[in-house]
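Novice: show me how the following folds:
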Amino acid sequence: MADTSLRKRIWGWFFFDWASQPYNTLLLTFIFGPYVKDVMGDGTSAQAAWGFGIAAAGIVIAILAPILGAIADTGGNRLRFIWGFSALYVLGSSMLWFTDPVDFNLYSTLFFFAIGLIGMEFATIFTNSMLPDLGPREEIGRISGNGWAFGYLGGLITLVIMLTLLAENKTTGTTLIGIDPLFGLNAEAREGTRAVGPLTALWYVIFMVPFFLWVRDPRQHPAPKGAVRKALHQLWKTITSLPNHPSRFAYLGSSMFYRDALNGMYTFGGIYAAGVLGWSVVDVGVFGILAIISGAVFAMIGGHLDDHFGPKPVITTCVWILMGVGIGIIMIRPDSLFGIALPAGSNLPNIAFYIFGATIGAAGGVIQSASRTMMVRQADPERMTEAFGLYALSGKATSFLAPLSIGIVTTLTGSQSLGITPLIGLFVIGLVLLRWVQPDGD
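Specialist: Below is the predicted model:
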């Protein structure tokens, strides 16, 4: 296995995106989030609770992400960290089976959801930091884009499995294709939908096998004595020196806000559609299929645009698009569209939301791929894991801001639509800071 080809290493690296994407697709956005809304009964309360719970996980991630990255750079092999955080991923997701609607405990639900989310985010820090080892600088945009596309495909397949074979419609008790949930799962107890947790865990366990078989970390030396203290000292030095690297500093700040806004769109899209438009879990899932397909296709296209034009213009264009989508979503109501009253039963709001969902998927896939290649351009090659720890920090230092502000505004206004307005402001801040980012770093 020591002679594993570069091609196999790249494919092994792709499999992390394939294995981990269902946490975002099934749990964060399209299946489990709307299920929580169904159980709680009120979209506004569910949106607020979802926001506060994810904000708490975001604070933990923000504090520990750069520290872990610095320790990994000093202490050697990153694969051992991925093993450990994979265990959290599997534990957190599998425990979501125990969310019986009759005996639903919101706090334990949010706790285990956060455990899995933290595991996924921390494992991602270490896999992202391996990107520069997979090819020359002029090819990493394409590699990153293809990885995102492959991940989206994995998310799509698991979503189709959930909708056709497991997740039951709340009213009919059958899946999208009109059958009872497989394996004798009890539709009345929502066991088909609750199976999303174990499915997410099992999918990860199976498809991380190629990753661990084929990916090798060039830094396999053992941690030297005093590695943790040295790592923390180096991290503090890196953070305090950021003003001396204005492009890197501006990029970390910019991505901190625009990625937080994008994550807010992903996180609250399902709950928003369920609460505002009255969509069922199955309806949201179909919406998710459309968004994922557009995300996969455009992630590959975006990877080639990244290689050709560089990541900065790609990111800037996507931020403008997503900001426009955010404004448009706020103006969708069951009885009106962009302020124009509609006849009762009009399907135009649903169609508009489908179009916006496809646009979010497309722009989101492109911007996430381009963002990690931009980080490679901004980072010190000798401190790449630490850089992606800071990148995770920039994505998570305010990761509590979007869900927390949505939770607060939703609670204060009593409106799901007004509750997502903070996302627009975050996109604006990210766009402004992007002006000071140099395409090739300092």
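Novice: any idea which helix or strand comes after the helix or strand where residue 63 lies?
Specialist: Here residue 63 is covered by helix 43-75, with elements defined by DSSP states H and E. Using DSSP H and E, the helix or strand that follows helix 43-75 in sequence is helix 79-94.
Novice: pLDDT (mean, whole number) over the helix holding residue 63?
Specialist: Averaging pLDDT along helix 43-75 yields 75.
Novice: same question, stretch 288-303
Specialist: Averaged over stretch 288-303, pLDDT sits at 80.
Novice: any residues touching it, and which ones?
Specialist: For stretch 288-303, contacts defined as C-beta atoms under 8 Å, 6 or more residues apart in numbering pick out 25, 29-31, 141-146, 148-149, 152-153, 155-156, 159-160, 163, 269-270, 314, 354, 357-370. Every C-beta, even on glycine, is put in place using the N, C-alpha and C of the backbone.
Novice: so which bits of that stretch are buried?
Specialist: Within stretch 288-303, the residues scored as buried using 16 or more other C-beta atoms under 10 Å are 288-289, 291-303.
Novice: sitting in helices, which of the residues you listed do you find?
Specialist: Secondary structure from DSSP state H places 288-289, 291-303 of those in helices.
Novice: for the stretch 301-442 of the chain, what spans make up the helices?
Specialist: Remark: helices assigned in the stretch 301-442 of the chain by DSSP state H, counting those that start in this stretch are 311-330, 348-378, 384-396, 401-413, 416-419, 422-433.
Novice: buried deepest among those helices, which one?
Specialist: With neighbours taken as mean count of other C-beta atoms under 10 Å, the helices of the stretch 301-442 of the chain reach their highest mean count in helix 384-396, at a mean of 27.
Novice: now for residue 440, how many residues are close by?
Specialist: Neighbour count for residue 440, taken as other C-beta atoms under 10 Å: 11.
Novice: contacting residues for it?
Specialist: Taking C-beta under 8 Å, 6+ apart, we find residue 440 in contact with 310, 377.
Novice: residue numbering should commence at 20 henceforth.
Specialist: From this message on, residue numbering opens at 20, which makes the last subject residue 459.
Novice: per-residue pLDDT, it?
Specialist: pLDDT, residue 459: 70.
Novice: lowest average confidence, helix or strand, in this structure?
Specialist: Sorting the helices and strands of the chain by mean pLDDT, DSSP states H and E puts helix 403-415 at the bottom, at a mean of 64.
Novice: tell me the one of the buried residues of stretch 307-322 nearest residue 207?
Specialist: Using C-beta to C-beta, residue 307 is the member of the buried residues of stretch 307-322 that sits closest to residue 207, with 24.4 Å.
Novice: per-residue pLDDT of the residue sitting furthest away from the middle of the chain, please?
Specialist: Ranking residues of the chain by C-alpha distance from their mean position (C-alpha atoms, centre = their mean) puts residue 362 at the top, at 36.5 Å. Confidence at residue 362, expressed as pLDDT, is 86.
Novice: ditto for residue 301
Specialist: As predicted, residue 301 sits at a pLDDT of 77.
Novice: sec struct for it, please.
Specialist: helix (DSSP: H, G, I helix; E, B strand; the rest coil).
Novice: these two touch, right, it and residue 196?
Specialist: No. Counting by C-beta atoms under 8 Å, residue 301 does not reach residue 196; the two are 10.1 Å apart.
Novice: neighbour-wise, which of the two wins?
Specialist: Neighbours per residue (other C-beta under 10 Å) separate residue 301 from residue 196, with residue 301 holding more: 23 against 8.
Novice: for that one, give its distance to residue 197.
Specialist: Using C-beta to C-beta, to the nearest Å, residue 301 is found at 11 Å from residue 197.
Novice: cool, and residue 265?
Specialist: In this view, residue 265 and residue 197 are 59 Å apart by C-beta to C-beta.
Novice: those two: which is more packed in?
Specialist: Applying other C-beta under 10 Å to residue 265 and residue 197 shows that residue 265 carries more neighbours, namely 13 against 9.
Novice: what sits against the closest residue to the more buried one other than its chain neighbours?
Specialist: Closest residue to residue 265 apart from its sequence neighbours, by C-beta to C-beta, 6 or more residues apart in numbering: residue 455 at 6.2 Å. By C-beta under 8 Å, 6+ apart, the contact list for residue 455 reads 265, 266, 269.
Novice: okay, residue 455: pLDDT?
Specialist: What the model reports as pLDDT for residue 455 is 90.
Novice: again with residue 430
Specialist: According to the prediction, residue 430 has pLDDT 84.
Novice: ok, it - contacts?
Specialist: Going by C-beta under 8 Å, 6+ apart, residue 430 touches 63, 67.
Novice: from residue 215, how far out is it?
Specialist: Using C-beta to C-beta, residue 430 is found at 27 Å from residue 215.
Novice: could the helices of the stretch 320-461 of the chain go into a markdown table alongside distance to residue 97?
Specialist: Shown next, in a markdown table, are the helices of the stretch 320-461 of the chain (distance: least, C-beta to C-beta, whole Å):
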| stretch | distance to residue 97 |
| --- | --- |
| helix 330-349 | 23 |
| helix 367-397 | 15 |
| helix 403-415 | 6 |
| helix 420-432 | 28 |
| helix 435-438 | 38 |
| helix 441-452 | 28 |
